[in-house]
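Undergrad: fold the following.
(4 chains)
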2 protein chains.
Amino acid sequence: MNQRQKQIAEAAISLFLKDGVGVSTAKIAQAAGVSNGTLFNAFATKQALIDAIYLRAKSEMLGALTYATGASFDREHLRKNWCDYLNWARSNPSHREIMHLLLESGLASEAVKAEIDEMAVPHAVWFNDALERGTIRGPNVEYIVKLAFFHLDLVVSQELQGQDEELAFEMFCQSIGLSK
Amino acid sequence: MNQRQKQIAEAAISLFLKDGVGVSTAKIAQAAGVSNGTLFNAFATKQALIDAIYLRAKSEMLGALTYATGASFDREHLRKNWCDYLNWARSNPSHREIMHLLLESGLASEAVKAEIDEMAVPHAVWFNDALERGTIRGPNVEYIVKLAFFHLDLVVSQELQGQDEELAFEMFCQSIGLSK
DNA sequence: TCAAGGATTGACTGACCAGTCACTCTAATT
DNA sequence: AATTAGAGTGACTGGTCAGTCAATCCTTGA
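TA: Okay, here's the model as predicted:
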């Protein structure tokens, strides 16, 4: 993504979060300080813009999780990833929010969702190995991964810190059977 | 909601779930087998239609939870409410899905969301009393309630049954510190 | 049988939308 | 200074949208 694309994407993110995903391309271009035509020079379609925003936010997030691949699954490593996510989410609040908005409203295309799933494979494997070895429990990997992100997002959106944040981590550990 | 309104609302729900919330009122009217004008006789605006759908689904769901108010908070009662929700969700899959879609995409108006919160007060109190008495733990009531519904919706969307479904309940109980 | 009045219809309106394209501007090269 | 290439522009287009309204239909009760 070049400078112009970033500039338009950031304007789009602000407007999407403020006024919903129905915002017109004209308003996005205006907010970015470029003309209507320039927006379509940078992104072929509105869908391409949405996909680019989603892909960037999600890969940025996955890139922030530093300790997953290959490491053994224990409380310490899980906690590190937990903190990595929180740090990323707190440094990039709008990117975390837009990620959710685009996913939940079903506007991210299937192609880009598949691309993301591909990028998340190492993390899924990390959880899956632990599940198969009996280190943790749960109906399936997807359940556990989704549960983890749900806790994390609740911590971020409720702005929990200190003891409350640790309690959230503890609750997640207890639910997957990972005792102290 | 009268017969005509129900007829239009059901058509709208199907289309929203199939093609997204951007579906035009004209298509909704057609699917309901009425004219464009009749739709606007039944609902003053598209927003009113969306709000009515959201309100109906959510109050239907809350009405299905039979054991909350006033009862003591223990595993048995929690389990009963848990099953009540699952039964409702499985009997009304589209109503559960539309509830989520309208909430997550931010299309339900603030007014109707507040109305729902009002209706959910007894259930919130039930959890809150347990939290204050130390029967369960968590950063706050909202956290616990959202977590409960998250587990439930994952159970429904993953179509978990039998042991897997019980495991999900067990995971939730463990996380809020409600042991066997 | 017929009058009254509420429900229903669908063509219509003005607003708005994503995307196009002929043109302009800018800056590097000759 | 002249040429050129590529980025930027914004008026414009074909189409869709939510919502309106005059006309029609249907039911009820006298």
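Undergrad: touching chain B at all, the helix or strand where residue A:89 lies?
TA: Assigned by DSSP states H and E, residue A:89 belongs to helix A:75-91. No. Applying Cβ under 8 Å from any Cβ of the partner chain, one finds helix A:75-91 separated from chain B by no less than 14.0 Å. All C-beta spots, glycine's among them, are computed from the backbone N, C-alpha and C.
Undergrad: cool, and stretch A:9-28?
TA: Yes. Stretch A:9-28 comes into contact with chain B (Cβ under 8 Å from any Cβ), by way of A:20-22.
Undergrad: can you give me the end-to-end distance of that stretch?
TA: Length of stretch A:9-28, first residue to last, Cα to Cα, to the nearest Å: 9 Å.
Undergrad: mind listing what's buried along that stretch?
TA: A:9, A:11-17, A:21, A:23, A:25, A:28 (16 or more other Cβ atoms under 10 Å in any protein chain shown).
Undergrad: ok, the top helix by length along chain A near DNA strand C or not?
TA: Selection of the longest helix in chain A by residue count, based on DSSP state H, yields helix A:46-64. Yes. Using Cβ under 7 Å from any atom of the strand, helix A:46-64 reaches DNA strand C at A:46-47.
Undergrad: stretch A:108-127 too?
TA: No. Using Cβ under 7 Å from any atom of the strand, stretch A:108-127 stays clear of DNA strand C, with a minimum separation of 12.1 Å.
Undergrad: quick one on the thing from earlier: and the helix holding residue A:89, what does it pack against?
TA: helix A:46-64, helix A:141-157, helix A:162-175 (3 or more Cβ pairs under 8 Å, 6 or more residues apart in numbering or on different chains; DSSP states H and E).
Undergrad: so who does residue A:143 touch?
TA: By Cβ atoms under 8 Å, 6 or more residues apart in numbering or on different chains, residue A:143 lies in contact with B:154, B:158, B:160, B:168.
Undergrad: neighbour-wise, give me the winner out of these.
TA: The residue in those with the most neighbours, by other Cβ atoms under 10 Å in any protein chain shown, is residue B:168 (23 neighbours).
Undergrad: what's that one in contact with, if anything?
TA: By Cβ under 8 Å, 6+ apart, the contact set of residue B:168 is A:139, A:143, B:151, B:154-155, B:160.
Undergrad: so what's it scoring on pLDDT?
TA: Predicted confidence (pLDDT) for residue B:168: 98.
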